[in-house]
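J.: return atomic coordinates for the entry below.
(chains A and B)
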Amino acid sequence: MPRLIATRAVLGVLTLLAVSAVIFICTQILPGDVASAVLGQQATPESLQVFRQELGLDKPAYIRYFSWLFGVLHGDFGVALTNQRTIIEELRPRFLNTLFLASYAAVLAVPLGVGLGILSALREGKLSDRVSNIVTLIAISVPEFFVGYILIILLAIDWPWFPSLATVFEGMGLGERLYVATLPALTLVLVVTAHMLRMTRSSVLSIMSTPYVEMAFLKGLTRTRVIARHALPNAAGPIISVVALDLAYLVVGVVVVENVFVYPGVGQYMVDAVAKRDVPVVQACGLVFAAVFVGLNTIADILSIIVNPRLRHPR
Amino acid sequence: MTLFGHRPPLFAKIGLAIVAINLLVAIFGPWLAPYDQSQSVGDTWAPSSAHMWLGADQIGRDMLTRLIYGARMTIGIAAATTALSFLIGITLGFTAAVVGKWVDVVLSRVIDIMLSIPQLIFALIILGVFGSSIPVLIITIAVLDSTRVFRLARALGVNLAVLEFVEAARLRGEGLWWVIRREILPNAAAPLISEFGLRFCFNFLFVAALSFLGIGVQPPYADWGGMVRDNAPAINFGLWAPLYPALAIATLTVGVNLLVDWLLSIDARPSGAQAEM
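T.: Prediction:
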């Protein structure tokens, strides 16, 4: 098993390396280059030349890639084109904000989604299961911003319990921070819980149709006992992947939700940079999101290797 | 009423009705809309009245008119994107499955790496580099989405490519393209059609999300995601303006999903394919 885990971890690192290369290549396929895109039509050849040297664009692409990667590994993402600030200084507090929002949502959504999913599988075909099927189908079909605005109308305007703008700043107390971020977190919770519920339900149900579960039923065990002792241990692997997939989905859903509630996170930073076509910032944010995504998937795979009873004893 | 030789249940009928109405509105929009899409006919966020059923938007244009024109733009882009994505995904997926060997390995690895970057983030990077315009939007989303289609098409193709009739066609000396078009495609059509519905939903939401973020369809074109964004400040006055386009988006995706759910239940698809979103 340790070997399997090590292989998976190495694979994760390799994936991350490949992803960084893809992100770098994406910013190189532009007709012309960043310099001409930034300076626009009015640029003289001389100013282009100077700007190119400033950005290091006169060096070959692979050298720029490695120097960029080397910088990133040391926490140096370069300088934003639009306001000349160092990216890492802007990125760090925003990243912590995003992490805070995502964890807030995850702490509520994971137990809720998995719990209700198992419950739904237990009560397959009953009225509550059918209702939850339709409700969750609707919840995963509607865009996040729709859920967000409905929540604003209900919980910030009609019943003004929570603020509609999630303004957080440094030095804010934890309690206040939690209060202010309630609506964005709730939006994420609703969307992610629905998705997690559906996937948990279907992975538990697919195990329920295996021969050993049928055998357990034929022995005369109760439905609860069959699920708790026979189905769930084997469903743990798939459920962990479901949770990881949804956490990864959370990381992306955060981009839209941050923009609905004007929450100062990486998502908002990235969207602003895209609108201004500030390529180094876009690169940095993209890499951060992709790294979290790849990291979560790798951790999930490693966890499902650990919980898999078949791999516990070396042969 | 029967469809594909089956009687659709109530939910599927609702889905079908929603999809049909949206398609009709998208096609015949300019003849249905009461005003011109850029004509200002009332005050900012004027309440709904007899001549403006849903009120006005942030600069006094008729909300209903904008919604009707927006249907054209949003549904049109999503449909074009999905069609292009299927063209790319199916071609590459079947080629990988039929040719096999290094073509399959190279394509699959490249797609694996692309799939390990979240789609929205990938799209943001590309739009950040190229700037946003409708062709860039369509091509970007189509290429990113085709990775999912590739996966399904390859999986279906691999199972079909080993069957006798494909073998026979190859031994007859038929070319790669002929084998794909005449032997593989017809046998993989059923699951691909329901996948088309799901991918359409996804791309539709994707376009709407990008426009909502301000980096999708650019003004002056009406599109649903952009309308939500433009009217968003109204929410603080308790006005419903941004909810109409958001509701339009939500209704159509729920409709397509209801329809696809039923289609999936009538043709048993390979398990697990539905789980991927």
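J.: quick one: low-confidence parts of the chain?
T.: No chain was given, so I picked chain A. Scanning chain A for pLDDT under 70 picks out A:29-43, A:54-58, A:309, A:311-315.
J.: let me rephrase: I mean chain B.
T.: B:1-5, B:45, B:50, B:52-53, B:60, B:266-277.
J.: just give me the residue right at the centre of it.
T.: For chain B, the residue nearest the mean C-alpha position is residue B:200 (2.4 Å; C-alpha atoms, centre = their mean).
J.: residues in contact with that one?
T.: Residue B:200 sits next to B:78, B:79, B:82, B:256 when contact means C-beta atoms under 8 Å, 6 or more residues apart in numbering or on different chains. For glycine as for every other residue, the C-beta is placed from the backbone atoms N, C-alpha and C.
J.: in the chain, which spans are helices?
T.: Unless you meant another one, I'm taking chain A. Remark: helices assigned in chain A by DSSP state H are A:2-26, A:34-39, A:45-55, A:61-73, A:87-122, A:127-141, A:144-152, A:174-180, A:182-208, A:211-218, A:223-225, A:232-260, A:266-276, A:279-307.
J.: wait, I meant chain B there
T.: Using DSSP H, helices in chain B cover B:10-32, B:63-99, B:101-115, B:119-130, B:134-161, B:164-171, B:176-178, B:185-212, B:224-231, B:243-266.
J.: show me what the fourth one is packed against.
T.: For helix B:119-130, the packing partners by 3 or more C-beta pairs under 8 Å, 6 or more residues apart in numbering or on different chains; DSSP states H and E come out as helix A:2-26, helix A:232-260, helix A:266-276, helix A:279-307, helix B:134-161, helix B:185-212.
J.: can you redo these as TSV with distance to residue A:96?
T.: As requested, the helices and strands packed on helix B:119-130 are exported to TSV (distance: least, C-beta to C-beta, whole Å):
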stretch	distance to residue A:96
helix A:2-26	21
helix A:232-260	13
helix A:266-276	10
helix A:279-307	12
helix B:134-161	29
helix B:185-212	24
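J.: picking up where we left off before, nearest to residue A:120, of the helices of chain B?
T.: helix B:243-266 (16.1 Å; C-beta to C-beta).
J.: isn't residue A:124 right up against residue A:205?
T.: Yes - counting by C-beta atoms under 8 Å, residue A:205 is a contact partner of residue A:124 at 6.4 Å.
J.: which neighbours do the two have in common?
T.: Common neighbours of residue A:124 and residue A:205 (C-beta under 8 Å, 6+ apart) do not exist.
J.: rewinding a little: any chance of CSV for the helices of chain A, columns distance to residue A:167 and mean neighbour count?
T.: Shown next, in CSV, are these (distance: least, C-beta to C-beta, whole Å; neighbours: other C-beta atoms under 10 Å in any protein chain shown):
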stretch, distance to residue A:167, mean neighbour count
helix A:2-26, 31, 15
helix A:34-39, 31, 17
helix A:45-55, 34, 13
helix A:61-73, 30, 14
helix A:87-122, 11, 19
helix A:127-141, 27, 16
helix A:144-152, 14, 24
helix A:174-180, 7, 13
helix A:182-208, 11, 24
helix A:211-218, 51, 12
helix A:223-225, 47, 12
helix A:232-260, 12, 22
helix A:266-276, 12, 23
helix A:279-307, 21, 21
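J.: which residues sit in contact with residue A:120?
T.: Counted by C-beta under 8 Å, 6+ apart, residue A:120 has contacts A:128, A:129, A:132, A:133, A:197, A:200, A:201.
J.: scratch that, residue B:81
T.: Per C-beta under 8 Å, 6+ apart, neighbours of residue B:81: B:137, B:138, B:141, B:142, B:145, B:203, B:207.
J.: for the fifth one, the count of nearby residues, please.
T.: Read it as residue B:145. For residue B:145, the neighbour count with other C-beta atoms under 10 Å in any protein chain shown is 24.
J.: how about the last one?
T.: Here the number of neighbours of residue B:207 (other C-beta under 10 Å) works out to 29.
J.: pull the contacting residues for it.
T.: B:74, B:77, B:78, B:81, B:137, B:141, B:216, B:217, B:223, B:225.
J.: now the helices of chain A in JSON lines, with distance to residue B:234?
T.: As requested, those are exported to JSON lines (distance: least, C-beta to C-beta, whole Å):
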{"stretch": "helix A:2-26", "distance to residue B:234": "36"}
{"stretch": "helix A:34-39", "distance to residue B:234": "35"}
{"stretch": "helix A:45-55", "distance to residue B:234": "42"}
{"stretch": "helix A:61-73", "distance to residue B:234": "41"}
{"stretch": "helix A:87-122", "distance to residue B:234": "25"}
{"stretch": "helix A:127-141", "distance to residue B:234": "24"}
{"stretch": "helix A:144-152", "distance to residue B:234": "10"}
{"stretch": "helix A:174-180", "distance to residue B:234": "22"}
{"stretch": "helix A:182-208", "distance to residue B:234": "17"}
{"stretch": "helix A:211-218", "distance to residue B:234": "53"}
{"stretch": "helix A:223-225", "distance to residue B:234": "50"}
{"stretch": "helix A:232-260", "distance to residue B:234": "14"}
{"stretch": "helix A:266-276", "distance to residue B:234": "21"}
{"stretch": "helix A:279-307", "distance to residue B:234": "29"}
